[in-house]
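Undergrad: Pasted the sequence and its predicted model underneath.
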Amino acid sequence: MGENSSNDLDIGMKIRKLRKIRDITLEKLAEDTGMSYSYLSELENNKHSISISNLQKLAEYFDIDMIHFLEKTERKNILIRKKERSSLVTDDGIVFQAISSEDAENMQITFVTLPPNTPKKGQRHIHKHPHGEEFITVTKGEVVVIVEEEKYILKEGDSVIFPSEKEHVIFTRDKGGELVLVGAPPYGRDYLDSL
């Protein structure tokens with residue numbers, strides 16, 4: 001057969017990635033699926049078209065949904081070096097370092113450094129967001145997280161996950177603390193308004 005007419009889908013590259021990440025040789029894939037080595041090799045190099053039955057067979061073999069092969073765009077990995085983080089330091093010394101970029105569609109990641117007793121009692125803002133979940137893990141010190149009536153004192157290595165629509169507040173006491181805050185989906189994106 002000729003050149004794959006679905007090159008824009010790059011099915012071959014997707015098969016190769018699945019095979020490599022699972023540490024499966026082309027020989028093993030051929031043996032396990034009953035497809036020939038040469039056929040699979042040409043398929044991975046987009047020199048062969050694929051039948052729906054073989055596509056289903058590969059999807060079952062890799063234990064994925066067949067739609068994976070049909071998605072036109074593959075999202076890119078995002079590398080953010082420590083020195084490239086955008087930072088904001090508030091008057092009371094709280095440091096926010098945003099990790100996410102606009103390319104991260106489904107989550108927002110922020111490193112937060114809280115000095116001792118911050119924010120002060122009268123300045124603690126109650127947060128809530130219309131949809132999603134939040135994940136907080138403490139990387140240093142101690143942080144207090146109150147989610148509605150539940151109070152969590154998180155020490156290094158402790159984490160909490162809760163629905164974003166629940167009222168919550170985050171602060172420190174005598175010890176300062178550092179935490180990673182993950183919001184999914186990201187807050188402040190336009191599509192949140194339509195949820």
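TA: Great, that's in hand.
Undergrad: State the distance from the one residue sitting closest to the centre of the chain to residue 185.
TA: By Cα atoms, centre = their mean, the mean C-alpha position of the chain lies nearest to residue 107, the distance being 6.1 Å. Residue 107 sits 7 Å away from residue 185, going by Cβ to Cβ, to the nearest Å. No exception for glycine: its C-beta is placed from N, CA and C like everyone else's.
Undergrad: what stretches of the protein score poorly on pLDDT?
TA: For the chain, the stretches with pLDDT under 70 are 1-9, 70-75, 100-104, 187-195.
Undergrad: Would you map the helices across it?
TA: Secondary structure of the chain by DSSP state H: the helices cover 11-21, 26-33, 37-44, 52-62, 67-70.
Undergrad: want to throw those into CSV with mean neighbour count and distance to residue 132?
TA: Formatted as CSV, these follow (neighbours: other Cβ atoms under 10 Å; distance: least, Cβ to Cβ, whole Å):
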stretch, mean neighbour count, distance to residue 132
helix 11-21, 17, 28
helix 26-33, 14, 38
helix 37-44, 17, 38
helix 52-62, 15, 30
helix 67-70, 14, 24
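Undergrad: okay, those in TSV with distance to residue 113 next?
TA: Converted to TSV, the helices of the chain look like this (distance: least, Cβ to Cβ, whole Å):
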stretch	distance to residue 113
helix 11-21	35
helix 26-33	48
helix 37-44	47
helix 52-62	42
helix 67-70	39
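Undergrad: Can you tell me which of the ones you listed is nearest to residue 155?
TA: Closest approach to residue 155 among the helices of the chain (Cβ to Cβ): helix 11-21, 35.2 Å.
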